[in-house]
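Novice: Give me a 3D structure for the following:
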Amino acid sequence: MAEISAGSILPAHREDLDLFTADGLRLVGELATPIDCVPAATIICLHPLTTHGGMMDSHVLRKMAWRLPALAGIAVLRFNMRGAVSALGASEGAYDEGHGEGFDLAAALAEVQRRGLPDPWIVGWSFGTSVALLHGNVDPVLGVVLLSPPLRGPEIDALPGWATSKRPMTCLIPENDDYLKPDEARAGFAAVPYAEVIAVEGAGHLWVGERFVRIVLDEIVQRVLPSHTTLPATWDEPMEKFSEF
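Specialist: Predicted structure coming up:
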């Protein structure tokens, strides 16, 4: 048995893909799916703020794609929203403060439907939560998990629509978040009576540290696949190790 660590890449089918938006942009992304089974569900990842280095390789999203196809049988689609750059390349366009990014999410959802991937959920992180709240309350989305949501202005205005649709919503709030702390989050998300607000002791906005990554991934899987057990911390089959060098 080998420990699953920050750089562990578990087996999956990984396919680079292009997404094309309704306003004419090409976005780069990757779809990771289980090797030995059809996906049980699908996660669409929305990354942190493009203008501050947010991209499809932002560490929590990358670790979702590296682990969840093997550990939970979940397909993970991550992509660079307009103007974002990662090792895979740059998506066309420019950061649009969450407005044009709605076209980006729509393109990802269209790809999920085209491929017949099951039960799509959105996982947004920081700026990605804004895009999710503004544009993700649509079919075929089953629910949303929000990591470190800033919850400002237009996103607050979108909450009554979520309350009406009753799509499941879970908000993971770091105790030491720079933008929205747990008590503020409970007050803000009270507009969605069924929303879960979960405070994570000791965590910060960027979820640095393997302990916090494991908490996040477990909470996500338990929402997307409620019958799934806690994710293991070890792996007894071949796996790769990521290195920056």
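Novice: in what helix or strand does residue 133 lie?
Specialist: The secondary structure element spanning residue 133 is helix 127-135 (assigned by DSSP states H and E).
Novice: Give me the average confidence score over that helix.
Specialist: For helix 127-135, the mean pLDDT works out to 98.
Novice: Tell me how far the next helix or strand after that helix lies from the chain's centre.
Specialist: The element immediately downstream of helix 127-135 (helix or strand, assigned by DSSP H and E) is strand 143-147. Relative to the chain's own centre, strand 143-147 is displaced by 7 Å; criterion: CA atoms, centre = their mean, to the nearest Å.
Novice: Which strands or helices does strand 143-147 pack on?
Specialist: For strand 143-147, the helices and strands in contact under the criterion 3 or more CB pairs under 8 Å, 6 or more residues apart in numbering; DSSP states H and E are strand 120-125, helix 127-135, strand 169-176, helix 210-224. For the C-beta atoms, the positions are set from N, CA and C on the backbone; glycine is no exception.
Novice: Of all those, which one is nearest residue 9?
Specialist: Comparing these by their distance to residue 9 (CB to CB), the top pick is helix 210-224, with 14.0 Å.
Novice: and the closest one, what other elements does it pack with?
Specialist: Counting by 3+ CB pairs under 8 Å, 6+ apart, the elements that helix 210-224 packs against turn out to be strand 41-46, helix 59-72, strand 120-125, strand 143-147, strand 169-176, strand 196-204.
Novice: Next up, the contacts around residue 186.
Specialist: Under the criterion of CB atoms under 8 Å, 6 or more residues apart in numbering, the contact list for residue 186 reads residue 197.
Novice: so what pLDDT did it get?
Specialist: At residue 186, pLDDT is 98.
Novice: check which helix or strand covers it.
Specialist: Secondary structure from DSSP H and E places residue 186 in helix 182-188.
Novice: Run the chain-centre distance for that helix.
Specialist: Here the centre of helix 182-188 is set off from its chain's centre by 21 Å, with CA atoms, centre = their mean.
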